[in-house]
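>>> Model the structure of this input:
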Amino acid sequence: MARSVKSIIFIILAPLILAGLGIGGYFLYQSINAQQATNTKDLELFGYGMVASSQSMASVGVTGTNQLPPTFDEKTLTPTQKVIHGLIRDKDNLLLENKVLQNDIETLKAQLTELTNYKQFNEHFAPQHLKDELKSVEHQLKALLIRTPEAERFSTMQIEIMSAAGAAEYKVYITRNRLMLSEDKKQIVVSDYLPAYAFCVGDAVDIAANTRSEERELAGFFRTNDSSGLSEALLQDLSSVLSPCQLSVRQKLDNDNV
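Predicted structure coming up:
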């Protein structure tokens, strides 16, 4: 009989106990979820705050002055927050280092460009390189003059002098202005400016030189710029008739800024 009563009581209480446990578990679950949500929200807010405190997020105020981001007391941070703070600090340091490196790279690029230009400039005006370029200019100008009907009134020697004089004036132009002309610019100078100068020189030589020997001396003078082989009278005559030719072509080149 006693066993039967205990069985009845167990049967009655068991559902009640299970129901109580279920209700308690439900409320416990809800409480844990709520706490987890609160913790997650707090961590998100802290993360936003830490991002705002990053040096990379510094802002400019209304007055134009730099405004530093807010800072946090690391003593009050949780371990997770300290990790986030450390990562953001590392990011800021990397950004600063990268900025310094970029500035160094730009400085080195500028120095390299300057050295390259200096090297090319010196190579361009090296004696052998310049000699080859002047020889090329003289040959091009001579070929151009020979094809010109106006050149028929000049002798072969006079055309040689005119071509050499044109190359000499080309040298004066590029050295006086410290220029490295591209091939296109060189062709413009040779074809558009030097022919008129060469014809002017041809007329000047026809006046200054009285013999074939003096013409040969003038050809050597224009190629070497050495006047020691000229007689004083020939040099004076040449200077008086050559100056207007030089003045004219130099003014045209300077004015047109070739």
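
>>> switch to C-alpha atoms for all contacts and neighbour counts from now on
Will do.

>>> helix, strand or coil for residue 210?
Here residue 210 is recorded as coil under DSSP: H, G, I helix; E, B strand; the rest coil.

>>> what's the pLDDT at it?
Residue 210 is assigned 88 on the pLDDT scale.

>>> Quick check: it vs residue 146, distance?
Separation of residue 210 from residue 146 (CA to CA, to the nearest Å): 23 Å.

>>> If you count surrounding residues, which of these two has more?
residue 146 (14 against 11; other CA atoms under 10 Å).

>>> so what's the more buried one up against?
Taking CA atoms under 8 Å, 6 or more residues apart in numbering, we find residue 146 in contact with 152, 159.

>>> Run through this protein and note the low-pLDDT ranges.
Scanning the chain for pLDDT under 70 picks out the ranges 1-75, 77, 111-128, 258.

>>> Going along the chain, name the strands of it.
Secondary structure of the chain (DSSP state E): strands located at 59-60, 66-67.

>>> Show me the protein divided up by domain.
As given by automatic domain parsing, the domain ranges for the chain are 67-124, 127-256.

>>> Pick the most buried one from these.
Mean neighbours per residue, mean count of other CA atoms under 10 Å, is largest over the domains of the chain for domain 127-256, with a mean of 16.

>>> what's the spacing between residue 170 and residue 137?
To residue 137, residue 170 is 8 Å away according to CA to CA.

>>> can you check residue 206 too?
Residue 206 is 23 Å from residue 137, where distance means CA to CA.

>>> ok, now residue 78?
From residue 78 to residue 137 the distance is 81 Å (CA to CA).

>>> and the residue lying closest to residue 142 once chain neighbours are set aside, what does it touch?
Closest residue to residue 142 in three dimensions, ignoring its sequence neighbours and counting by CA to CA, 6 or more residues apart in numbering: residue 163, at 5.2 Å. Listed by CA under 8 Å, 6+ apart, the contact set of residue 163 reads 138-139, 141-142, 198.

>>> go with 10 Å
Counting by CA atoms under 10 Å, 6 or more residues apart in numbering, residue 163 makes contact with 135, 137-145, 157, 169, 194-195, 197-199, 201-202, 219, 222-223.

>>> same deal with residue 140?
134, 163, 167, 187, 190-191.

>>> can you list the residues you listed in TSV and add distance to residue 153?
As requested, these are exported to TSV (distance: CA to CA, whole Å):
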residue	distance to residue 153
134	25
163	15
167	21
187	25
190	21
191	20
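
>>> From the residues you listed, pick the one nearest residue 253.
When these are compared for distance to residue 253 (CA to CA), residue 190 wins out at 11.4 Å.

>>> Distance-wise, check the closest one relative to residue 133.
Computed as CA to CA, the residue 190 to residue 133 distance reads 12 Å.
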